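Enquirer: got a predicted structure plus its sequence, pasted below:
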2 protein chains.
Amino acid sequence: MSLPMKATALAHPNIALVKYWGKRDDALILPHQSSLSLTLSPLSVTTTVEFGAASDQVELNGHTAKGSERDRVLRLLELVRAQAKADLGPAKVVSRGDFPMAAGLASSAAGFAALAVAGRAAAGLPSEPRAASILARMGSGSACRSVQGGFCEWQRGERPDGEDSFAVQRFDAAHWPDVRMVVAILDRGEKEVKSRDGMKLTVDTSPYYPAWVKDAEVEVVQVREHIARRDLQALGELCERNAWRMHATSFAANPPLSYMSPGTLALILHLKEQRKKGIPVWFTLDAGPNPVLLTDAAHEVAAEALARACGALDVIRCVPGGDAELKAEHLF
Amino acid sequence: MSLPMKATALAHPNIALVKYWGKRDDALILPHQSSLSLTLSPLSVTTTVEFGAASDQVELNGHTAKGSERDRVLRLLELVRAQAKADLGPAKVVSRGDFPMAAGLASSAAGFAALAVAGRAAAGLPSEPRAASILARMGSGSACRSVQGGFCEWQRGERPDGEDSFAVQRFDAAHWPDVRMVVAILDRGEKEVKSRDGMKLTVDTSPYYPAWVKDAEVEVVQVREHIARRDLQALGELCERNAWRMHATSFAANPPLSYMSPGTLALILHLKEQRKKGIPVWFTLDAGPNPVLLTDAAHEVAAEALARACGALDVIRCVPGGDAELKAEHLF
């Protein structure tokens, strides 16, 4: 057997412009609706997987993973073993991210994309974005959108086994090099209600959820057109509306759920005035308090300044990122 | 002809526990859904109407009304003349409220209820809550709920002429004397988007609006049951949920509309902690930034204190109010 047995991959996180919000299948992580995201560079997670270790070992950002964190990683590698149809033995996994876990960005997206790509390579499976995206999805839903760079669309799919639920790249990073995402970190704390719990509560109790699902499929098509034309204003307006609508589904849950903090609301309401002053800046917001500002290269300094003026503790400026990729250097 | 020709009425504002949000008929002011409110004492508006004046004159809070403000008042008196089937001549109207117009409370509710009751009396029409409620509704929708005291339900009705769209008193003020509403004035400014415009935008563009309408009819029945049992916790939870859902319909409009300020969000998110400390306090919120806190007599001081600690510029403590009533003393 001449399997490589050891491989390392780097992947970037992504921010959804049309959000993923709510699972139709919890075990396979199948969404109710399609979504579309931008891959964020230079932020990244690097992961080395080696099969044939003495025992299963998982180290994430310098600490030994335990409990459900460990289980999620090992469960994904179990799927790799099944695909490789080989007895690969126990696995050693070491993963390191270069961005703060509590930034409100989905570090799990980059983490599971890197794990899926490295895991498949270590098992001798061919480089296939589609298969890697499906695998990454089963680690963390939005991870399927971090296997490729640029603008990726997670097609919800129809099949109960999830084989048609994966991300496809609509535009690569070079399509719109001028676009910028500025992450405004208003709060470094852990959020009170995890995304998966917030999603579930919303799907189960929000009377607005069905309309959200119906809308999203239309918005994915619209956002694709705005990106094709590099129309920042149209994209910005759609982004904001989509974010408000996602949060509105949670506000309407029982009990109501707000991921926004007063600081979030202050910053996002302030953008309207900024636009009146001629600064093209819009927001999107995941299930947490930290907005991500959409702007262009000419205005990223202004966007950072306004985020700081609105109380941001830290700001991360991002450009469109590339595909997840294999690296020659391993972490161990 | 022995008409009284001059009459004075006092009416209280009300705060909706299940909100009125959206018209199905703009001219007759017919709502898409039923709503239910609590009449607020000691706040009141007093209005004197005299027919047979030299010319139409409208004075509101010491200033001569002009434009649409004047037109709305005179249009309502035109309806009174039609009902009285009498040539009553021009009308002089003087109205005074004892609460700040910019408190975010619907002063128009108390104003048009007092105008309807005084106008009908001045025209010699009998005291009929139903007729007065229909009349008040055509001045300002929520005014129909201020003709009677305690807890009033505005039944949406079905008829295109609006004759079955009026408020009925479900419980009078004596049913639950212990309940308290504490108005937290966070912002005295005029709101950027008037309720009628916000409603229209929401009805026309929010994908969540149909679910809001469907829900409201169920919530009116539920809130009635909670009030019947004087169940403050159940009522509080429903109040908050209904307010979140109303605002969520606007957040989801195109473009998104937020009546909440950062201060509003800070205060309302703070209530959860207060409840954990054993203080029974919930909020409701009309189309503006100023929350109204629902609590009981034993905790109104604590509710006022927490509102002030969260930045309230002023606080008004209210108890259940009585019916709109005719007064012997006139304003002129």
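Expert: Arrived safely, thanks for sending.

Enquirer: what residues go with each domain of chain A?
Expert: A:6-176, A:179-320 (automatic domain parsing).

Enquirer: got a markdown table for the ones you listed, with mean neighbour count and distance to chain B too?
Expert: (Glycine included, C-beta is placed from N, CA and C.) Below are these laid out as a markdown table (neighbours: other Cβ atoms under 10 Å in any protein chain shown; distance: least, Cβ to the nearest Cβ, whole Å):
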| stretch | mean neighbour count | distance to chain B |
| --- | --- | --- |
| domain A:6-176 | 21 | 13 |
| domain A:179-320 | 20 | 4 |
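
Enquirer: am I right that A:Ser258 is in a strand?
Expert: No - checked against DSSP: H, G, I helix; E, B strand; the rest coil, A:Ser258 lies outside a strand; its state is coil.

Enquirer: hang on, it packs against A:Ser250?
Expert: Yes - assessed by Cβ atoms under 8 Å, A:Ser258 is found in contact with A:Ser250 at 7.0 Å.

Enquirer: dump the domains of chain A to TSV, plus mean pLDDT.
Expert: TSV is the format used below for those (pLDDT from 0 to 100):
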stretch	mean pLDDT
domain A:6-176	95
domain A:179-320	96
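
Enquirer: would JSON lines of these with distance to B:Gln222 be doable?
Expert: Formatted as JSON lines, those follow (distance: least, Cβ to Cβ, whole Å):
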{"stretch": "domain A:6-176", "distance to B:Gln222": "25"}
{"stretch": "domain A:179-320", "distance to B:Gln222": "12"}
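
Enquirer: where does A:Ala113 sit relative to A:Thr47, distance-wise?
Expert: 9 Å (Cβ to Cβ, to the nearest Å).

Enquirer: can you show me the helices along the stretch 101-250 of chain A?
Expert: Secondary structure of the stretch 101-250 of chain A by DSSP state H, counting those that start in this stretch: the helices cover A:107-122, A:129-139, A:195-205, A:209-228, A:232-251.

Enquirer: any chance of these in TSV, plus distance to B:Lys194?
Expert: Shown next, in TSV, are those (distance: least, Cβ to Cβ, whole Å):
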stretch	distance to B:Lys194
helix A:107-122	42
helix A:129-139	46
helix A:195-205	31
helix A:209-228	25
helix A:232-251	20
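
Enquirer: show the contacting residues for A:Val315.
Expert: Contact analysis of A:Val315 by Cβ atoms under 8 Å, 6 or more residues apart in numbering or on different chains lists A:Val182, A:Val183, A:Ala184, A:Ile185, A:Glu304, A:Ala307, A:Arg308.

Enquirer: which residue comes closest to the fifth one once chain neighbours are left out?
Expert: By that I understand A:Glu304. Residue nearest to A:Glu304 in three dimensions, not counting chain neighbours: A:Val315, with 4.7 Å by Cβ to Cβ, 6 or more residues apart in numbering or on different chains.

Enquirer: which strand residues bridge the one you found?
Expert: Counting by DSSP bridges, A:Val315 forms beta bridges with A:Ala184.

Enquirer: any idea how far it is from A:Leu77?
Expert: Distance of A:Val315 to A:Leu77, computed by Cβ to Cβ: 36 Å.

Enquirer: how about A:Ser127?
Expert: 17 Å.

Enquirer: go on, A:Ser133?
Expert: Look at A:Ser133 and A:Leu77: by Cβ to Cβ, they are 17 Å apart.

Enquirer: next: A:Ser195.
Expert: 23 Å.

Enquirer: could you do A:Thr48 as well?
Expert: Counting by Cβ to Cβ - A:Thr48 and A:Leu77 are separated by 12 Å.

Enquirer: wait, A:Ser165 sits on A:Gly141?
Expert: No - if you go by Cβ under 8 Å, A:Ser165 and A:Gly141 don't touch, sitting 9.3 Å apart.

Enquirer: now for those two: what residues contact both?
Expert: What both A:Ser165 and A:Gly141 touch, as defined by Cβ under 8 Å, 6+ apart, is the set A:Pro31, A:Trp154.

Enquirer: quick one: the strands in the stretch 1-150 of chain A?
Expert: A:6-11, A:14-18, A:23-25, A:30-31, A:35-41, A:45-51, A:57-60, A:63-64, A:91-97 (DSSP state E, counting those that start in this stretch).

Enquirer: mind listing residues that contact the fifth one?
Expert: It stands for strand A:35-41. A:12-20, A:105, A:142, A:145-146, A:148-154, A:167, A:170, A:173, A:179, A:181, A:183, A:216, A:220, A:223-224, A:318-322.

Enquirer: many thanks, we can stop here.
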